[in-house]
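Undergrad: How does the following fold in three dimensions:
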Amino acid sequence: MSERIPVLVLTGYLGAGKTTLLNYILKEQRELKLAVIENEVGEVSIDDALVEQKHKDMAEELVTLDNGCVCCTIRADLVRTLHDIADRQRSGKLKLDGVLIELTGAADPAPVVQSFMIDDQCRFSYRIDNVIALVDARHALSKLDEHGGRNEGTACAQIAFSSTVLLNKMDLADEAGLKAIEKRIKEVNSVVNIIRCQYAKVDLRKLVNVGAFDLARVLEEQYMDEEEFNTFYEPKMDRTISNVGIRCSGALNMFALQLFIGEYLDDEEIAKDFLRVKGVFNIAGTSNMYVMQCVHMIRSESFTRPWGEDEVRENRIIFIGRRMQERRQELTKGFMECVAKPLRFSVGAPVLAHWQDDFVKATIIKQWDECRAYRVHIHDRKGTNVWALIDDDRFVTPNSYIVDKTRRSRRKAVGIALGFLIFFVFRKTCVLCDEFSTPH
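TA: Take a look at the predicted model:
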């Protein structure tokens, strides 16, 4: 038993904070040499970029399984990976203290646990130390009650087969709300250990090498025996969830990207469909990677690390939720429109800039200033500079544009005035003609 490699399984619904916890574990502990297996479900892989490079360096081995979900379609890939790690451990090519498996947010952990029971080599080489389910305090009750309060669905299955629950993002709920969530969790798994936290930060002595997982106790909670579990268990997958992944080259305008995402996430009704949005981006005007992670209406976005010299600066985004396939065309089109085109104006060019609800004369003084398309100097306003966030006519226009527009407006007004004048002259002429032609 002591010679078997301990396994830590990270589960939790979409956006609960699994990758944040993974980064924290790799950062905070120095003694353990861990192999990390990441599972992503989606057309585009994102999590490999979200694991910080310095933390990747701390992992003895990093494997990404991104062509399906390990709880159903690619369990064989997971088992082969575990066999390979065990073989290299026995041969001395690897010296591991543990294996950490991060599951996709749509995965039921039970079949993964099952793999360690029914595969002889996995059972001989590994022992499950802890199954940690992260729960998002902001959205927990809505996810757990999706089936009318019955303990069904992916979110409930993740808790049911866990030995530790991290009630994450506790700052997003009050004490009454947290107690209600804890009560609901205990209805799913009465013996699970619940730990409250923010940003997935927990004393690692409570998570690693604790021997917390007890399959017999878990199965007793679920009214199953081991034979039933190994033979008849069906993964609890939400088949209504789909995803759309997009990748492209070229620098993006950060503010165009934010406006595009806001079209979906700033509307509460639409945002309900968007369970998870995450991406990494190459932003015009900076050499740092830009990361965005969203759960419904909640957005987190920031610049992280510099792009590597030999690293391909590729933009990747994935939308996970309901009715994503129906939106594929509009999502792809909207995202591609965020790619920054060559700027129209050079430094020193005279323009008209939008300022205080009007267009005023200005001069371009810098391109891509703090990721904004232009910094412009307003004429007749000493020392006043403003940003044009995006290079389009909502923010900055050629001098001739407004002049031509004004001329066209004036021509139109003159044309209308002449039309009325001609009408009244014609009308007056008709009246005079009637007077002369009427007998007296």
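
Undergrad: Where do the strands of the stretch 51-200 of the chain begin and end?
TA: With DSSP state E, counting those that start in this stretch, the ranges of strands along the stretch 51-200 of the chain come out as 61-65, 98-102, 126-136, 164-168, 193-196.

Undergrad: which stretches of the stretch 251-400 of the chain have low pLDDT?
TA: Within the stretch 251-400 of the chain, no stretch has pLDDT under 70.

Undergrad: Just the strands from it, written as ranges.
TA: Using DSSP E, counting those that start in this stretch, strands in the stretch 251-400 of the chain cover 274-282, 288-295, 298-306, 315-322, 350-355, 358-369, 372-378, 385-388, 396-398.

Undergrad: Make JSON lines from these and add mean neighbour count and distance to residue 199 to it.
TA: The C-beta positions use only the backbone N, C-alpha and C, and glycine is treated the same way. Converted to JSON lines, the strands of the stretch 251-400 of the chain look like this (neighbours: other CB atoms under 10 Å; distance: least, CB to CB, whole Å):
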{"stretch": "strand 274-282", "mean neighbour count": "24", "distance to residue 199": "16"}
{"stretch": "strand 288-295", "mean neighbour count": "20", "distance to residue 199": "12"}
{"stretch": "strand 298-306", "mean neighbour count": "13", "distance to residue 199": "11"}
{"stretch": "strand 315-322", "mean neighbour count": "22", "distance to residue 199": "22"}
{"stretch": "strand 350-355", "mean neighbour count": "19", "distance to residue 199": "39"}
{"stretch": "strand 358-369", "mean neighbour count": "17", "distance to residue 199": "32"}
{"stretch": "strand 372-378", "mean neighbour count": "22", "distance to residue 199": "30"}
{"stretch": "strand 385-388", "mean neighbour count": "20", "distance to residue 199": "32"}
{"stretch": "strand 396-398", "mean neighbour count": "20", "distance to residue 199": "39"}
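
Undergrad: Dump these to JSON lines, plus distance to residue 192.
TA: Converted to JSON lines, those look like this (distance: least, CB to CB, whole Å):
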{"stretch": "strand 274-282", "distance to residue 192": "23"}
{"stretch": "strand 288-295", "distance to residue 192": "23"}
{"stretch": "strand 298-306", "distance to residue 192": "25"}
{"stretch": "strand 315-322", "distance to residue 192": "26"}
{"stretch": "strand 350-355", "distance to residue 192": "55"}
{"stretch": "strand 358-369", "distance to residue 192": "50"}
{"stretch": "strand 372-378", "distance to residue 192": "49"}
{"stretch": "strand 385-388", "distance to residue 192": "50"}
{"stretch": "strand 396-398", "distance to residue 192": "57"}
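
Undergrad: In the stretch 51-200 of the chain, where is pLDDT below threshold?
TA: Ranges of the stretch 51-200 of the chain meeting pLDDT under 70: 51-60, 66-74.

Undergrad: Kindly recompute the last result at 80.
TA: In the predicted model of the stretch 51-200 of the chain, residues 51-75, 147-151 satisfy pLDDT under 80.

Undergrad: hey, where'd the helices end up in it?
TA: Counting by DSSP state H, counting those that start in this stretch, one finds helices in the stretch 51-200 of the chain at the ranges 53-58, 75-91, 110-118, 120-125, 140-144, 154-160, 175-188.

Undergrad: can you list the domains in this structure?
TA: The chain is divided into the following domains under automatic domain parsing: 5-232, 241-336.

Undergrad: okay, how far is it across the first one, tip to tip?
TA: With CA to CA, to the nearest Å as the measure, the ends of domain 5-232 fall 27 Å from one another.

Undergrad: now swap in stretch 245-252 and tell me
TA: End-to-end distance of stretch 245-252: 16 Å, with CA to CA as the criterion.

Undergrad: How about stretch 206-222?
TA: Terminal residues of stretch 206-222 lie 24 Å apart, using CA to CA.

Undergrad: Fine by me, thanks again.
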